[in-house]
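Asks: please find the sequence and the predicted model below.
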Amino acid sequence: MTDNGCPLAFRKQANRASQLVAAKLTFTGFSEDLPSAGHTGCKADRYRRKHNPWVNFDNVASSSNQLYGLPPIGNTVAAAPITGI
């Protein structure tokens, strides 16, 4: 990285999330102030994409990009991702 430009695009480079998915495991990234699950925009209110690196990889599903907070009632530990950041 050479600047804070947005969006950065690392294309299909290997990364922790893609390695986990390739191994049939799961990955979910949680971002504070993310305006909505799956959001890939550069900024919104206090949210800044530069603090959310996994959205820069096009081989990481946008559904892995989730709101930071408590899981919905009824979720169990078994439903948690193998790796969450």
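Replies: Sure, I can see it.

Asks: now the closest residue to residue 55 other than its chain neighbours: how far from residue 25?
Replies: Excluding its sequence neighbours, the residue lying closest to residue 55 (Cβ to Cβ, 6 or more residues apart in numbering) is residue 40, at 5.0 Å. In short, each C-beta sits where N, CA and C put it, glycine included. For residue 40, the distance to residue 25 equals 22 Å [Cβ to Cβ, to the nearest Å].

Asks: check residue 60 too.
Replies: Separation of residue 60 from residue 25 (Cβ to Cβ): 13 Å.

Asks: please identify which of those two sits among more neighbours.
Replies: residue 60 (22 against 12; other Cβ atoms under 10 Å).

Asks: need the pLDDT of the more buried one.
Replies: You'll see residue 60 listed with a pLDDT of 89.

Asks: now it, what are its backbone angles?
Replies: Here is the backbone geometry of residue 60 (degrees, to the nearest 10): phi -120, psi 120.
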